[in-house]
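K.L.:
no FASTA, just this:
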């Protein structure tokens with residue numbers, strides 16, 4: 001018996017019937033020119049569902065992922081701040097190192113002073129870039145750890161607990177300063193919690209007005 005592929009309309013109805021290959025219905029032959037094919041009621045689908053636009057299908061299949069703004073705002077700010085600190089520290093350290101290395105052989109000609117200053121500037125720029133990469137990466141890792149702890153802990157006091165936990169982790173990596181880092185993390189957590197409470201109060205005030 002021939003298997004039918006596709007869909008044929010039922011007489012007098014605006015619906016489409018799926019074929020046997022889709023839902024396992026057995027075809028049968030009617031009298032006259034009208035031939036109907038039986039199908040389970042579960043296989044009946046509206047014409048709009050069968051001929052849905054590609055855009056709507058893609059929207060239904062799309063996976064929507066919502067990322068909280070704090071997940072990227074805090075780490076990006078940490079990287080930017082760390083890079084600025086690294087540029088200042090790295091450039092100053094490279095300048096002092098160059099002066100110490102060449103203190104016993106100062107240039108004595110105009111051409112010598114030109115190359116001396118030029119080499120020094122190159123060393124300072126290189127040291128500033130290295131310092132920016134080092135400090136920016138370090139502060140970015142710390143802020144990323146803070147955000148991960150904050151999202152993992154949850155709750156009303158998540159900012160304070162995440163700050164203290166980040167300080168303890170940083171102190172464990174850098175031995176000898178765990179007390180200072182824990183206190184600093186706790187203070188930063190309290191500051192962020194205060195800012196969050198202040199923002200909520202401002203939002204409530206705007207809603208009342």
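P.N.:
Arrived safely. None of the values given here were measured: they were computed from a predicted structure. Numbering: from 1, shown residues only.
K.L.:
ok, longest helix in this structure?
P.N.:
helix 110-153 (DSSP state H).
K.L.:
ok, how many other residues are close to the nearest residue to residue 106 once chain neighbours are set aside?
P.N.:
Counting by C-beta to C-beta, 6 or more residues apart in numbering, residue 116 is the residue found nearest to residue 106 once chain neighbours are left out, at 7.9 Å. Bear in mind the C-beta positions are built from the backbone N, C-alpha and C, glycine included. Residues near residue 116, counting by other C-beta atoms under 10 Å, number 16.
K.L.:
Check the gap between residue 116 and residue 130 for me.
P.N.:
Distance, residue 116 to residue 130, by C-beta to C-beta, to the nearest Å: 21 Å.
K.L.:
The host helix or strand of residue 180 - contacts with which helices or strands?
P.N.:
Using DSSP states H and E, the element containing residue 180 is helix 178-208. Helix 178-208 makes packing contacts with helix 158-173 when contacts are defined by 3 or more C-beta pairs under 8 Å, 6 or more residues apart in numbering; DSSP states H and E.
K.L.:
Give me the contacts around the helix it packs on.
P.N.:
142, 145-147, 149-150, 153, 155, 177-190, 192-193, 196 (C-beta atoms under 8 Å, 6 or more residues apart in numbering).
K.L.:
ok, 10 Å please
P.N.:
Here helix 158-173 makes contact (C-beta atoms under 10 Å, 6 or more residues apart in numbering) with 70, 138, 141-155, 177-197.
K.L.:
List the buried residues for it?
P.N.:
158-171 (16 or more other C-beta atoms under 10 Å).
K.L.:
Redo those residues as JSON lines? Include distance to residue 85.
P.N.:
Converted to JSON lines, the buried residues of helix 158-173 look like this (distance: C-beta to C-beta, whole Å):
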{"residue": "158", "distance to residue 85": "27"}
{"residue": "159", "distance to residue 85": "23"}
{"residue": "160", "distance to residue 85": "25"}
{"residue": "161", "distance to residue 85": "26"}
{"residue": "162", "distance to residue 85": "22"}
{"residue": "163", "distance to residue 85": "19"}
{"residue": "164", "distance to residue 85": "23"}
{"residue": "165", "distance to residue 85": "23"}
{"residue": "166", "distance to residue 85": "18"}
{"residue": "167", "distance to residue 85": "18"}
{"residue": "168", "distance to residue 85": "22"}
{"residue": "169", "distance to residue 85": "20"}
{"residue": "170", "distance to residue 85": "15"}
{"residue": "171", "distance to residue 85": "19"}
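K.L.:
re the thing from before, could you check the angle the helix holding residue 180 makes with helix 158-173?
P.N.:
160 degrees (axes from the mean of the first three to the mean of the last three C-alpha atoms, to 10 degrees).
K.L.:
For helix 178-208, list every residue counted as buried.
P.N.:
For helix 178-208, using 16+ other C-beta under 10 Å, the buried residues are 178, 181, 182, 184, 185, 186, 188, 189, 192, 193.
K.L.:
Just give me the closest of those to residue 102.
P.N.:
residue 181 (37.5 Å; C-beta to C-beta).
K.L.:
pLDDT and distance to residue 108 added to the buried residues of helix 178-208, as a markdown table?
P.N.:
Listed next are those as a markdown table, based on pLDDT from 0 to 100; distance: C-beta to C-beta, whole Å:
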| residue | pLDDT | distance to residue 108 |
| --- | --- | --- |
| 178 | 77 | 52 |
| 181 | 84 | 50 |
| 182 | 83 | 55 |
| 184 | 86 | 50 |
| 185 | 86 | 54 |
| 186 | 88 | 57 |
| 188 | 86 | 53 |
| 189 | 86 | 58 |
| 192 | 82 | 57 |
| 193 | 85 | 62 |
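K.L.:
Thank you kindly, that will do.
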